[in-house]
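# Got a predicted model here, sequence first, then my questions.
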Amino acid sequence: MSKLFVISGSSGVGKGTVIKEFLNKHPEFKLSISCTTRGMREGEVDGINYFFLSKDEFKKCIENNEFLEWAEFSENCYGTKKEFVEKCLSRGENLILEIDTKGALNVKRLMPEAILIFIAPPSIEELETRLRGRHTETEEAIQKRLASIKLEIENSKHYDFVVINDTVENAVNRIENIVNL
Ligand code: 5GP
């Protein structure tokens, strides 16, 4: 039977790398493609990384009740289409949603069979060091990010599993153990 997994974790935690490595090893899992109103980044492809929608198109989807869940961050909207998830599951595919914690908890409410996995840093201090090490953000931006990370960690208390990302290999192994349960 196909299973639905939801994976969250703040940026800087290395969530993207862990998921990518897991999918390389397990092609029988599929990553869901969300809709977003944010601009396309270099190297991204419409229909592969996201379905890139205009604000009006996104609004229409909300009005037509097409989203399983949706959220807004920094003035951009992100949403998971019900139809996308239903089609994958009915084809017998194991699906992974990579979405934020609020969206994840909404999915769990509507689909209690969904398995929620939170990827956490070994410690907040370690994450702060990692974020500062990037030298790409102002102090204000780092503080804002740390506050949202703390909120996500708070939300993760309602998750089924928390995976500590000390190394990518360990984190992937832990996810493998969870999906094989
Ligand atoms: P980015 O703009 O870097 O691709 O993604 C920003 C954030 O949006 C990430 O934390 C990602 O998990 C979240 N996200 C991506 N797609 C969705 C979605 O469909 N629903 C929700 N709630 N969050 C999403």
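Looks like it arrived, so ask away.
# Which secondary structure state does the closest residue to G92 other than its chain neighbours sit in?
Closest residue to G92 apart from its sequence neighbours, by C-beta to C-beta, 6 or more residues apart in numbering: S2 at 4.9 Å. Where C-beta positions appear, they are placed from N, C-alpha and C, glycine not excepted. Taken by DSSP: H, G, I helix; E, B strand; the rest coil, the conformation at S2 corresponds to coil.
# For S2, the count of nearby residues, please.
Neighbours of S2 under the rule other C-beta atoms under 10 Å: 13.
# residues in contact with it?
Neighbouring residues of S2 by C-beta atoms under 8 Å, 6 or more residues apart in numbering: 88-89, 91-95.
# I'd like to know which of the residues you listed are buried.
88-89, 93-95 (16 or more other C-beta atoms under 10 Å).
# Looking at these, which one is closest to the ligand?
L95 (12.4 Å; C-beta to the nearest ligand atom).
# next structured bit after the longest helix along the chain?
Ranked by number of residues, the top helix in the chain under DSSP state H is helix 139-155. Counting by DSSP states H and E, the next helix or strand C-terminal to helix 139-155 is strand 161-164.
# buried set for that next one?
Within strand 161-164, the residues scored as buried using 16+ other C-beta under 10 Å are 161, 163.
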